[in-house]
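>>> Structure, please.
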Amino acid sequence: MITRCPSCHTHFRVYPEQLAARGGHVRCGKCSRIFNGREYLVEKSPASRPLGPAAESAFPVGETAAAEQVPAMAKAGEPRFENSAMVNAAAVAAETAAAAAKLPAAAASGTSAFDFGPVAAGAPARRVRRWPWLLGALLLLLTLLAQAAYYYRSAITLLFPEVKPYAIALCARLGCDVPLPRRIDMMSIEASDLQADTVNPNVMVLSATIKNRAIFSQQPPLLELTLTDAQDHPVVRRVLTPQDYLGIAVNTQAGFAANSETAIKVFIEGSQVKATGYRLYLFYP
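Coordinates of the predicted model:
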């Protein structure tokens, strides 16, 4: 069978085995164009049309064997010429049979129909050392945990009372303390009263009851006492610390016990103040 290259228009002799091996695709031996030899068949019989002296070979796609010799004359048994060299017809037939035998083997091995030669192997991948990254991540995690433990040290000792002695000892070395919880929403003033002292009219007596409604001990809060006039305008304001309303002898570090009430009494000098009312608030700094 004779086929023609659609690019350089050179005619080639092809065999059914070659066309069947790659679905009809062949490579032009002159311009290396890949085309479907079945679509460009010129004649079924090589004897019906001689090939010109410029004829080259057509190879199945992926073949790297030497070019098939194409006869300059179409008659069987005549000498074959290519580039002015005489080629033995028996040698050409042997080479053609060897090339045809290679085609089924290549198809069985799974070679791609468009195999254009071996792909250059890339450089071996460089092995990445991951242990420095893992060590850095571990150090960052430990730093984060240490910061969280320092910030929430009061809550941690509240949830785990057994670690409180260790936390206090560690804070003594670091120059910090372990304060009691400060939940002002769990503290309330149950009752309060401001009256002139019966013995000394220039002294006012503040009486109040403070309750800790939490299920844990809390830091004693600060009290803000504001004296007001008849129009409820502030006249004077004073902040009372736990030592002011509990007394110096009381250990304020013990705090208010859980679900407990504490009665306080504070004497205030008020000879220069013309107040008719007051306001009392609890707060934490």
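
>>> buried ones in stretch 239-253?
240, 242, 244-246 (16 or more other C-beta atoms under 10 Å). From N, CA and C alone the C-beta is placed, and that goes for glycine too.

>>> Redo the residues you listed as TSV? Include secondary structure.
Listed next are these as TSV, based on DSSP: H, G, I helix; E, B strand; the rest coil:
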residue	secondary structure
Leu240	strand
Pro242	helix
Asp244	helix
Tyr245	helix
Leu246	helix
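
>>> Now pLDDT and distance to Ala169 too, for the residues you listed, in CSV please.
Listed next are the buried residues of stretch 239-253 as CSV, based on pLDDT from 0 to 100; distance: C-beta to C-beta, whole Å:
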residue, pLDDT, distance to Ala169
Leu240, 93, 33
Pro242, 91, 25
Asp244, 89, 31
Tyr245, 89, 31
Leu246, 88, 27
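
>>> quick check, nearest of those residues to Gln218?
When the buried residues of stretch 239-253 are compared for distance to Gln218 (C-beta to C-beta), Pro242 wins out at 11.3 Å.

>>> low-scoring stretches of the stretch 51-200 of the chain, by residue?
By pLDDT under 70, the weakly predicted segments of the stretch 51-200 of the chain are 51-125.

>>> now the strands for it?
Taking DSSP state E, counting those that start in this stretch as the test, the strands found in the stretch 51-200 of the chain are 58-60, 80-82, 85-87, 187-196.

>>> neighbouring strands for the helix or strand where Ile268 lies, and are they parallel or not?
Using DSSP states H and E, Ile268 sits in strand 260-269. For strand 260-269, the pairing partners within the sheet under DSSP bridges are strand 203-212 (antiparallel).

>>> and the strand it pairs with, which residues are buried?
For strand 203-212, a neighbour-count test (16+ other C-beta under 10 Å) marks 204-206, 208, 210-212 as buried.

>>> same thing with stretch 261-268?
For stretch 261-268, by 16+ other C-beta under 10 Å, it's 262, 264, 266, 268.

>>> closest to Ile168 among the buried residues of stretch 239-253?
For the buried residues of stretch 239-253, the nearest to Ile168 is Pro242 (19.7 Å; C-beta to C-beta).
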